[in-house]
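return a 3D structure for these sequence lines:
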Amino acid sequence: MNIPRHAHVLVIDGAKSLFFRNTGSAQEPSLTVEGHREQVSLATSEQGSDAPGTSHSSVGNSRSSVEQTDFHQQDEDRFAIAAADMLKREVLAGKVDALIIVAAPKTLGVLRKHLHGEVEKRIVGEIAKDLAGRPTDEITAAILSH
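Here you go, the predicted structure:
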């Protein structure tokens, strides 16, 4: 996939995002970091998660199972939602004409649910792959080979 000149590239997983702009050409892209963000997790190891268990009804003898709350996944989802909001602000401010999103599969799913219609119109490519921790040259190569 080509990276159009001046296109923006969002590379994100549940804890880290990088926002690039192609300052090169479509044939020889040069991704320049315009922003980055890292998740500060609220789900610490001390906090853990709610243990699955059984809830006792105050009336009768019936019991129901209670599912485990995954605080880590909730943090990752909030991080993706915040990224969708950032994209909306950038697009509505006229700063983004073309956008490529490279995201970990789960993060991409959450992101898609929260993208503004104007953001969706500017997406020229999506890659469901976790590259947020990779160097810029590997990110560029992965996009070009996709």
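
mind listing what Arg122 touches?
91, 96-99 (CB atoms under 8 Å, 6 or more residues apart in numbering). For every residue, glycine as well, the C-beta is placed using N, CA and C.

how about Ser25, nearest residue that isn't a chain neighbour?
Computed as CB to CB, 6 or more residues apart in numbering, the closest residue to Ser25 that is not its neighbour in sequence is Arg5, at 5.5 Å.

ok, that neighbour touching Gln27?
No - at 9.5 Å, Arg5 does not count as touching Gln27 under the criterion of CB atoms under 8 Å.

between the two, which one's more packed in?
The neighbour count for Arg5 versus Gln27, taken as other CB atoms under 10 Å, is higher for Arg5 (16 against 9).

for ChimeraX, write the selection for the buried entries among the contacts of Arg122.
Restricted to buried positions by 16 or more other CB atoms under 10 Å, the ChimeraX selection for the contacts of Arg122 reads:
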select :91,96,98,99
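
check which residues of stretch 100-116 are buried.
100-104, 106-108, 110-111, 114-115.

just the mean pLDDT for it, thanks.
For stretch 100-116, mean pLDDT rounds to 96.

list the buried residues in the lengthiest helix in the chain.
Criterion DSSP state H: the longest helix present in the chain is helix 71-92. The neighbour-count check on helix 71-92 (16+ other CB under 10 Å) flags 71-72, 75-77, 79-80, 83-84, 86-88, 90-91 as buried.
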